[in-house]
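Participant: Provided below for reference: sequence and predicted model.
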Amino acid sequence: METFGLHIVASDKDFYGGRGAKIVLPMKDGEICILPHHSDLMIAIVPGELRFQTPDGEEHRAIVGGGFAQIINNRVTVLADSVERPEDIDLKRAREAKERAEEQLRQKQSIEEYYISRAALARATSRLRAGNKYNNG
């Protein structure tokens, strides 16, 4: 099976380092699937679900915050604000974060604060969606 080097890094930890057979990344206008020997590319990723397959065929899922992915010389590097497994999501904390972000959006804010609140809401929503999907069946 053809593979590529894969390194997934969050701002606070190394999430995965090794070989990958496929990775699907969330983008603003949908998803992109990267396979071995993909052309060189730099993309922005948005909060959502990242999926990757290791050479043994095992599928892995993670919830990512915003960030970037670089594909160069058959190596994929993902740099994200946050990366966590769906089963590790604390649904109560995710609900509280979503409520805080929604409340912030209702307040009068600067443009910068608005975009920060909107990003926090997107991250909380994707965490809740994944947490409900994978923790409740």
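Facilitator: Sure, I can see it.
Participant: Return the residues in contact with the spatially most central residue of the chain.
Facilitator: Computing the C-alpha centroid of the chain and ranking residues by C-alpha atoms, centre = their mean puts residue 64 first, at 2.0 Å. Residue 64 sits next to 10, 26, 45, 47-50, 78, 80-83 when contact means C-beta atoms under 8 Å, 6 or more residues apart in numbering. Yep, even glycine has a C-beta here, placed from its N, CA and C like the rest.
Participant: can these go into TSV with extra columns for neighbour count?
Facilitator: Listed next are the contacts of residue 64 as TSV, based on neighbours: other C-beta atoms under 10 Å:
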residue	neighbour count
10	18
26	18
45	22
47	22
48	23
49	18
50	23
78	26
80	23
81	15
82	18
83	22
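Participant: Among those, which lie within helices?
Facilitator: Among these, DSSP state H puts none in helices.
Participant: re the thing from before, name whatever forms a beta bridge with the residue nearest to the centre of the chain.
Facilitator: Using DSSP bridges, the bridge partners assigned to residue 64 are residue 48, residue 83.
Participant: Among the contacts of residue 64, which one sits closest to residue 34?
Facilitator: Residue 34 has its nearest neighbour among those in residue 78, at 9.8 Å by C-beta to C-beta.
Participant: Report the contact partners of that closest one.
Facilitator: By C-beta under 8 Å, 6+ apart, the residues touching residue 78 are 6-9, 23, 25, 45, 50, 64, 67-69.
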